[in-house]
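K.L.:
I would like the atomic coordinates for the input below:
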Amino acid sequence: MMSQTKLRKRWSSRIYSAVANILFVATSFWPALAQEKPASQTQVVLLGTGTPLPDPERAGPCTAIVVNGTPYLVDLGTGVVRRAAAARNKGVQALEPTNLKIAFITHLHSDHTLGVADVLLTPWVMGRKEPFELLWAAGNTGHGGAHSDCV
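P.N.:
Reported below is the predicted structural model:
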């Protein structure tokens, strides 16, 4: 049986790898765009840094990576849509809830997935027309892959 420290290091490295891959994919088109448009902009917004324990001062885990106005969510903890709306109100216009269309799940712990229903349904009720794309790493569920067209 693995020790807690080894498990934490293993999951930490997976999370860092997932975020690095997202940034790599999101920025891979920058050289082509550099000749046509001004420099692109990337913002990283911590929407929630909570744990599975209920804490009224913290939302569940979720990081928004906004590249050229397109938000990519990493993990969907509780309160994700409300925290995105709060970030929008503070000037990150890309985090308008109806713009939330793509998310990545690093692993299937409850604190990283309890906001899935919220991000699927709330923006749809608000008028999102495009389907929501939810992606996760292969091996997390036994079949891995992606699930889109949820709404």
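K.L.:
which regions of this protein lie under the pLDDT threshold?
P.N.:
1-13, 16, 19-21, 23-39, 139-151 (pLDDT under 70).
K.L.:
try 50
P.N.:
142-151 (pLDDT under 50).
K.L.:
For it, just list every one of the strands.
P.N.:
Assigned by DSSP state E, the strands in the chain fall at 42-48, 62-67, 70-74, 102-105, 133-136, 145-147.
K.L.:
Looking at those strands, which is nearest to Arg83?
P.N.:
Closest approach to Arg83 among those (Cβ to Cβ): strand 42-48, 3.9 Å. Bear in mind the C-beta positions are built from the backbone N, C-alpha and C, glycine included.
K.L.:
how about the helices in this protein?
P.N.:
For the chain, the helices defined by DSSP state H cover 4-27, 30-34, 80-89, 110-113, 116-125.
K.L.:
For the fourth one, which residues meet the burial criterion?
P.N.:
Of the residues in helix 110-113, those buried under the neighbour-count criterion (16 or more other Cβ atoms under 10 Å) are 111-113.
K.L.:
what does it contact?
P.N.:
50-52, 60-61, 75-78, 105-106 (Cβ atoms under 8 Å, 6 or more residues apart in numbering).
K.L.:
and of those, the nearest to Pro97?
P.N.:
Closest to Pro97, out of all of the contacts of helix 110-113 and judged by Cβ to Cβ, is Leu76, at 12.9 Å.
K.L.:
Is the closest one in contact with Cys62, as I believe?
P.N.:
Yes. Assessed by Cβ atoms under 8 Å, Leu76 is found in contact with Cys62 at 5.9 Å.
K.L.:
Appreciated, that's everything.
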